[in-house]
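A.B. asks: 3D, please:
(one chain, ligands or ions: 1)
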Amino acid sequence: MNIQKKRTRLAYLLRHDDKYQYRINAWREVSDLINNHGFTFDMINELVTSDSKQRYEFSNDMKLVRALYGHSVNVDLGFESAFPPPILYHGTSTDKLEIIMSNGLSPQRRIYVHLATDTETATKVGQRHGQPVVLIIDAKAMADKGFLFYFTNNGVWLTDNVPPEYISVNSYN
Ligand code: HQG
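C.D. replies: Take a look at the predicted model:
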């Protein structure tokens, strides 16, 4: 496996593997990745510590590893809800704008809607889908209404859904 294949495989194994029974809070045994999926400890360590977006973390004893966001399998990450910054951003593609402004944001294939703290990050997220557009999310108003937010420690905020009344289109798009 070359490094890019390993990176993709690790993301799958830690976020999307519906055949695996994840441990509580989405942890997976490092030994399982070594014994059953062709990784060495050094490979996993390298992929976790050098990850550009700090997507993963080890447990304190280094026996378990997990993704901090991005899951499609139904795992409880065990994060405490937290009060978000007043404004968060969501990057998407222009072809989805109409449906999002009418139905709001929902997680689609993932467990949570993913939100960014800055427009640059949101633009990059949107570019993955096509012509990017950045949406401004009134996170303060949502939190005031009781919507829960979770911070993943690496700049990504998660929430269950965002109704359309809390979304506006960034006029600098
Ligand atoms: C859109 C990456 C139709 C949503 C990124 C998005 C992120 C709707 C797409 C993380 C909709 C889902 C997640 C609705 C939302 N109708 N489309 N009602 N509500 N959508 O990939 O947020 O590099 O599952 O706008 O950086 O793009 O993998 O979510 O376009 O942090 O670590 O449905 O994944 O991180 O796409 O990305 P995704 P996302 P990594």
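
A.B. asks: Skip the chain neighbours and tell me the closest residue to the closest residue to the ligand within the chain.
C.D. replies: Nearest residue of the chain to the ligand (C-beta to the nearest ligand atom) works out as residue 92 at 3.2 Å. Yep, even glycine has a C-beta here, placed from its N, CA and C like the rest. Excluding the flanking residues, the one nearest residue 92 by C-beta to C-beta, 6 or more residues apart in numbering is residue 126, at 5.2 Å.

A.B. asks: For the host helix or strand of that neighbour, could you pull out the residues that count as buried?
C.D. replies: Assessed by DSSP states H and E, residue 126 sits inside helix 119-127. Neighbour-count burial for helix 119-127, counted by 16 or more other C-beta atoms under 10 Å, picks out 119, 121-123, 125-126.

A.B. asks: What helices and strands are in contact with that helix?
C.D. replies: strand 87-93, strand 132-138 (3 or more C-beta pairs under 8 Å, 6 or more residues apart in numbering; DSSP states H and E).

A.B. asks: what about the nearest residue to residue 67 once chain neighbours are set aside, which SS state?
C.D. replies: In this structure, residue 67 finds its nearest non-sequential neighbour in residue 14, 4.1 Å apart by C-beta to C-beta, 6+ apart. Three-state assignment for residue 14 (DSSP: H, G, I helix; E, B strand; the rest coil): helix.
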